[in-house]
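Novice: how would this look folded up:
(one chain, ligands or ions: 1)
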Amino acid sequence: MKIAVLPGDGIGPEIINQAVKVIDKFGLSQSIEYGAIGGAGYEESKDPLPETTLNLALASDAVLLGSVGDWKYDKLPRELRPERGLLRIRQGLNLFANLRPAVMFPELVHASSLKAEVVSNLDIMIVRELTGDIYFGEPRGIQTKENGEREGINTMRYSESEIDRIAEIAFQAAQKRSKKLCSVDKANVLETTELWREIVTHKSEKYPDVTLTHMYVDNAAMQLVRDPKQFDVIVTGNIFGDILSDQASMLTGSIGMLPSASLDQNNKGMYEPSHGSAPDIAGQDVANPIATILSLAMMFKYTFAEEKKSQAIENAVRQVLKDGLRTKDIFSEGTKMIGCNEMGDAIIERLDI
Ligand code: NAD
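Specialist: Now for the predicted structure:
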């Protein structure tokens, strides 16, 4: 088991420290090796993804990432900005499948902007394609037309094999859950997603135990706030997934609770919280480390197939919430506010290993 740990910037090092404590508690300290990414990479070697870090990630089974970005790097050329390191490592590792669960913990139901009955017990998983679609399609750019007017161009593009491999991951995820998969597209308007629908439908023949439905993206956006519990696993392309996964995550009320996994064909993965580097609260010991710790739980589940460890972490997080302990972002009256470090310790105390 070899895990590359990349703390990154802002609150990254604080929240990663808490996840590393969990790794230590499992007796796996020798499995980890640290690397620099984002602003930290730039400081180390004037590159947001230093070669040593990419090589470390390539040689590891999994990557645990904190977060990247700081306003102080906003004036750097685009290629040197911290976020560029993130895109490059995703590409370098060929992480084409992004898994983002949105789970509502009973204790936090009132943190959602939706009515409690709409979101209580919510547990959905969005599987987003991450390396294709309009974000990467060529041609792209801004060009000047003959009449002197400028136009912007991006190209929505998916090949059959790209759709097939993300569909495979989504069907497998659905098989491990409630066996319901909803594929989201815009097949009534876009040929690219007409092909998407055809390939996903074809894939369903291999998974007769999974019930496949299709939904247009505009309807999916509505249904996610009207009746999110109708969904179990949603699979969709890069741009629709970008938007829908953020929307779904907000149903649960707090960004500090949401893990994510990005996988390649062989279940090698990069695991990171869904939030950013929160420079506004960095270094104050107030960040919520739960999203990062739950990302570690996903790592044990998806890359290492260690279901027991994964479950133990999830149970410890649930217990901490039951015991009324909260970081500032999820604090409510009648609960006890604790810091990032203390939250890490509280989770470890409740880890049943
Ligand atoms: P952000 O997610 O960092 O912060 C948004 C808000 O949520 C802030 O008020 C922040 O304090 C709060 N927040 C975020 N995580 C929290 C946590 N764990 N606990 C408590 N509060 C938390 O988004 P932003 O402010 O738009 O971006 C800040 C920087 O992060 C930018 O440089 C951006 O490019 C970068 N970013 C990185 C990633 C990533 O590393 N994957 C993702 C998004 C943004």
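Novice: tell me who's in contact with the nearest residue to residue 71 once chain neighbours are set aside.
Specialist: Spatially, and ignoring its direct neighbours in sequence, residue 71 is nearest to residue 279 (5.9 Å; Cβ to Cβ, 6 or more residues apart in numbering). C-betas here are computed from N, CA, C, even on glycine. Counting by Cβ atoms under 8 Å, 6 or more residues apart in numbering, residue 279 touches 9-11, 69-71.
Novice: and the lowest-mean-pLDDT helix or strand in the chain, what's buried?
Specialist: Here the helix or strand of the chain ranked lowest by mean pLDDT, DSSP states H and E is helix 238-250, holding a mean of 91. Of the residues in helix 238-250, those with enough neighbours to count as buried (16 or more other Cβ atoms under 10 Å) are 238-242, 244-245, 247-250.
Novice: any chance of CSV for those residues, columns distance to residue 196?
Specialist: Listed next are these as CSV, based on distance: Cβ to Cβ, whole Å:
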residue, distance to residue 196
238, 11
239, 12
240, 10
241, 12
242, 15
244, 14
245, 17
247, 20
248, 19
249, 23
250, 25
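Novice: near the ligand, which residues of the stretch 201-350 of the chain?
Specialist: Proximity of the stretch 201-350 of the chain to the ligand, by Cβ under 6 Å from any ligand atom, involves residues 255-256, 272, 275-281, 287-288, 291, 329.
Novice: most neighbours, which of those?
Specialist: residue 287 (31 neighbours; other Cβ atoms under 10 Å).
Novice: so the closest residue to it other than its chain neighbours versus the ligand, what's the distance?
Specialist: Distances taken as Cβ to Cβ, 6+ apart put residue 11 closest to residue 287, at 4.0 Å, once the chain neighbours are dropped. For residue 11, the distance to the ligand equals 6 Å [Cβ to the nearest ligand atom, to the nearest Å].
Novice: list the residues that contact residue 164.
Specialist: By Cβ under 8 Å, 6+ apart, the neighbours of residue 164 are 199, 203.
Novice: in the protein, which residue sits furthest out from the middle?
Specialist: residue 147 (43.7 Å; Cα atoms, centre = their mean).
Novice: helix/strand/coil for that residue?
Specialist: Following DSSP: H, G, I helix; E, B strand; the rest coil, we place residue 147 in the coil state.
Novice: now for it: which residues touch it?
Specialist: No contacts exist for residue 147 under Cβ under 8 Å, 6+ apart.
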